[in-house]
Every structure is written in C-alpha cells, then in structure tokens.
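1. what's the 3D shape of this:
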Amino acid sequence: MQRTVVSLRFQKNWKPLYGVETLQPLGHYDETSRHVWFTQERLANAADTGTTANIGIGYRRIAANDEHYYGGNLFYDHRFRGNHGRMSVGLEYVSGIGAFRMNWYRGVSSERSFDGASRLENVSNGYTAEYGTSFKNARWARVYMEAYRWQLRRSEDKHGLRIGTELQLTPRISVDMGYNKPEHKHGSPYGKIMFRLAGVDTAWFGGNHRSDTKASVRANMLENVRRQHTVHVD
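-> Sure, this is the predicted structure:
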C-alpha cells in the first residue's frame, strides 16, 4: 500500500471531494525492469456526484537510457448515483521533465432516470489532453495545462481549459491547485490536498530539489495515471 494517496479536493463552489487512490505493479518490478504492468484503483465521494469507483489496468515501457517512457491504460468508471458506467482509453508519453497525456471517455450505460423522476440522464462522452512539466532545479513543482471537451445531448458541448500547478511540499504532503475556465462561462478555482502513505524523494521541505543533467523518468514509472475520474452526465 506504499503507493496509496488520500486526497481532499475542493471543486466548483468549493464542494468537497474525498478520495483514496492506489497504484500497484502486477508481477515483479525493480530498477532494472524495462516495462511494467500495473493496476490503479480509486474510490471517491463528492457532495454533488455521490460515490464513484474507478479501476484500471495500464502498461508502461521505459527507454534503455531511462530518459523517456510511453504507456497506455484502460479504465472502467462507475458512478453509483444513477448507476452510470463509463470506459476510457489513455495514452501517455513522458520525456525528461515534460509529459503529454491523452484520454478518451465513452459511456457504456443506457439512459437512466434521475432519482426515479421523469428526468433522464446520459453519460457524457469526451476527451482530455494534458501537457505538464516540472523544473530542473525545482522538481517538487509541476505546472500543467489541460484541454477538455464533453459531448452533451441536451445542450451545447462543454469545453474549456484547466491551468494549474502541483507542489510536493513534503515527502508525504502535496497540493494541486488551479483555475478551470469553460468556454463562454465564468471560470472557478479548484484545489486538492494529498497525503501519501509512503514518502517520495523529491519535496520542497525534507527532500531533493534538483535533478541530474539528464533527467531520468525511472521514478515516474509507478506514478498514478492522470485522467478525469469524475463521470459527467447531462
């Protein structure tokens, strides 16, 4: 359970979201392995969406010089409120201090009634694309930009941009904060506090700051897949 993270997140209108997430390798993996299969599980509860469970399997392969890796993943997401299901496929490429990730989401459940009423809900299909980078002399800090689009059946599609930063304050505590700006709508800030059961080497306080000239991505081979876990409906 050393790669388990407990989080408290504040979303639109500062509604809280509590979650626990873990990633575990399948089979043997060490500092000489060139690839890894892994599973990732998450359980979260939010004031506006209820409980959501996410389970996925992924694969990553690292280059011989440890300077970049690529990978893919497949997830199933279940939103218990409304009994909605969704699948996603993701690709990622990490090189040095930069990373690009792309995820596609598609609903797999039929149209549902909302709380037994006449109103119907559908899972929104969509995608997210993210680019992020850290800094050679401040590996504890990361900035990112994510574009997203969700297809809505009863109104115009929802698309926009999230810009944020993730800071590893101590080996166990980190924060993720930023600004979400949907197109043609007012934006809103968001924030998340995360606690790791096992500490990491790079941190603002109590950890390393700098990286080698040739940045190895070996330490990121077992980091959590970055994706949109919330099942959006309309």
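2. for the helix or strand of the chain with the lowest mean pLDDT, packing partners?
-> Taking mean pLDDT, DSSP states H and E as the measure, the helix or strand of the chain with the lowest value is strand 112-113, at a mean of 73. When contacts are defined as 3 or more CB pairs under 8 Å, 6 or more residues apart in numbering; DSSP states H and E, strand 112-113 packs onto strand 120-121. Heads up, the C-betas are built off the backbone N, CA and C, glycines and all.
3. any idea of the mean pLDDT for the strand it packs on?
-> Mean pLDDT, taken over the full extent of strand 120-121, equals 83.
4. quick one: list the elements packing against the very next helix or strand once past that strand.
-> Per DSSP states H and E, the first helix or strand lying C-terminal to strand 120-121 is strand 125-135. Contact partners of strand 125-135 among helices and strands, from 3+ CB pairs under 8 Å, 6+ apart: strand 98-107, strand 138-151.
5. wait, which of those is closest to Gln168?
-> The closest approach between Gln168 and any of the helices and strands packed on strand 125-135, judged by CB to CB, belongs to strand 138-151 at 4.2 Å.
6. okay, angle between that closest one and strand 125-135 too, please.
-> 170 degrees (axes from the mean of the first three to the mean of the last three CA atoms, to 10 degrees).
7. pull out the buried positions in strand 138-151.
-> Residues Ala138, Arg139, Trp140, Ala141, Arg142, Tyr144, Glu146, Tyr148, Trp150, Gln151 are the ones in strand 138-151 that count as buried (16 or more other CB atoms under 10 Å).
8. just the pLDDT for the spatially closest residue to the third one that is not a sequence neighbour.
-> The spatial neighbour of Trp140 that comes closest, neighbours along the chain excluded (CB to CB, 6 or more residues apart in numbering), is Gln168 at 4.2 Å. As predicted, Gln168 sits at a pLDDT of 95.
9. swap in Ser110?
-> Reported pLDDT at Ser110 in the predicted model: 83.
10. just say helix, strand or coil for it.
-> Reducing the assignment at Ser110 to three states with DSSP: H, G, I helix; E, B strand; the rest coil gives coil.
11. need phi/psi at Asn220.
-> Here is the backbone geometry of Asn220 (degrees, to the nearest 10): phi -100, psi 0.
12. any figure for the gap between it and Gln2?
-> Asn220 is 15 Å from Gln2, where distance means CB to CB, to the nearest Å.
13. please apply the same query to Leu222.
-> For Leu222, the distance to Gln2 equals 10 Å [CB to CB].
14. and if you look at Gly187?
-> Remark: distance between Gly187 and Gln2 (CB to CB) = 36 Å.
15. who's more crowded, those two?
-> When Gly187 and Gln2 are compared on other CB atoms under 10 Å, the one with more neighbours turns out to be Gly187, at 16 against 10.
16. show me what contacts that one?
-> When the contact criterion is CB atoms under 8 Å, 6 or more residues apart in numbering, the partners of Gly187 are Gly160, Tyr179, Asn180, Lys181.
17. list the contacts of the last one.
-> To tie it back to what came earlier, the one meant is Lys181. Under the criterion of CB under 8 Å, 6+ apart, the contact list for Lys181 reads Gly160, Leu161, Arg162, Ile163, Gly187.
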